[in-house]
Structures are given as C-alpha cells and as structure tokens.
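Novice: Here's a sequence, model it:
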Amino acid sequence: MILIKYDLDGLNMVEKKSVNVNWQMVFVLIPFLDLYASYRIQKLRLWLLIFLVGFSIVAILMDYSIFGLNYSDLGSETDFLGPAMLYTHIMFTIIALGTAVFVIRKWSIDWNKKLSKEFTINPT
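Specialist: Alright, predicted model coming up:
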C-alpha cells in the first residue's frame, strides 16, 4: 500500500492579503456573500459548521421545544401560534446575524494580525 502525503499548506487557493473588516461585516449580512467573506480568511469550513449545521440544529430544537412536535399542523387550525412563531423566528434571526457579524469581525481582525506578523517575519 502506497501512502501519499499531501502538503495541505500548498493547497490554499485564497490569496493571502489583508481584508477590510468593515466590508467583511457587510458581506455577512448579504446571503451567499457570507460564504465569500469566510472563504477570504480561510474559515469557510468552520463557518459552515457553526452557522449552517449548528444554528440549524438549534433552530429545530427551539421550534420543537416551544411549539411542540407538530407545530406546523396547529398553525393551520388556529391562528394563535402565528404571531408567537413569527416573533421567535425574528428574534432568532437577529441573534444569528449578530453572532455572525461578531464572529467574522473577530476572525478578520485575527487574519489581518496574522498576515502582518508573517510580513514582518518574511518581507518578500
């Protein structure tokens, strides 16, 4: 059996340059540009894990814990769950976007610091 060792540092396709933190935060608020913003700082996989998988699981658990297992059926028969469900989803969206802006801001600042350290060590 032949084992092939790959140099994972050489596979990075992102150009290593500093990013504008303000633009990164704006990109997070626009659908699909959040993926581009996380890709630019080489955190796309972690971004998808946190915000696609993590927040989806939290949203499903939150819906089931508040509205029960078959909450979608109850909404069609009675209207009392409509405003509660809307309020819950609006609050969850605000929390998710606030968290996303905070995380991308922190990661972008760390990315710029990392690049400035690398440049001062290896000024090529």
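
Novice: Let me know the average pLDDT across stretch 36-45.
Specialist: The average pLDDT for stretch 36-45 rounds to 93.

Novice: which residues of the chain score low on pLDDT?
Specialist: The model of the chain has pLDDT under 70 over residues 1-14, 69-82, 119, 121-124.

Novice: Do a quick rundown of the helices in the protein.
Specialist: 21-29, 33-40, 44-47, 55-67, 71-77, 81-121 (DSSP state H).

Novice: export those helices to a markdown table and tack on mean neighbour count?
Specialist: All C-beta atoms are positioned from the backbone trio N, CA, C, and that covers glycine. Output for these, formatted as a markdown table (neighbours: other C-beta atoms under 10 Å):
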| stretch | mean neighbour count |
| --- | --- |
| helix 21-29 | 17 |
| helix 33-40 | 18 |
| helix 44-47 | 14 |
| helix 55-67 | 13 |
| helix 71-77 | 11 |
| helix 81-121 | 14 |
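
Novice: closest to Glu15 out of those helices?
Specialist: Closest to Glu15 of the helices of the chain is helix 33-40 (C-beta to C-beta; 8.5 Å).

Novice: tell me the angle of that closest one relative to helix 21-29?
Specialist: Comparing the axes of helix 33-40 and helix 21-29 via axes from the mean of the first three to the mean of the last three C-alpha atoms, to 10 degrees yields an angle of 130 degrees.

Novice: who touches helix 33-40?
Specialist: Residues external to helix 33-40 that are found in contact with it (C-beta atoms under 8 Å, 6 or more residues apart in numbering): 14, 19, 24, 27-28, 44, 46-48, 51, 100, 104, 107-108.

Novice: Quick one: those residues as a markdown table, columns for distance to Asp34 too.
Specialist: Below are those laid out as a markdown table (distance: C-beta to C-beta, whole Å):
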| residue | distance to Asp34 |
| --- | --- |
| Val14 | 16 |
| Val19 | 13 |
| Gln24 | 9 |
| Phe27 | 6 |
| Val28 | 5 |
| Leu44 | 10 |
| Leu46 | 13 |
| Trp47 | 7 |
| Leu48 | 10 |
| Phe51 | 8 |
| Ala100 | 7 |
| Ile104 | 7 |
| Trp107 | 12 |
| Ser108 | 12 |
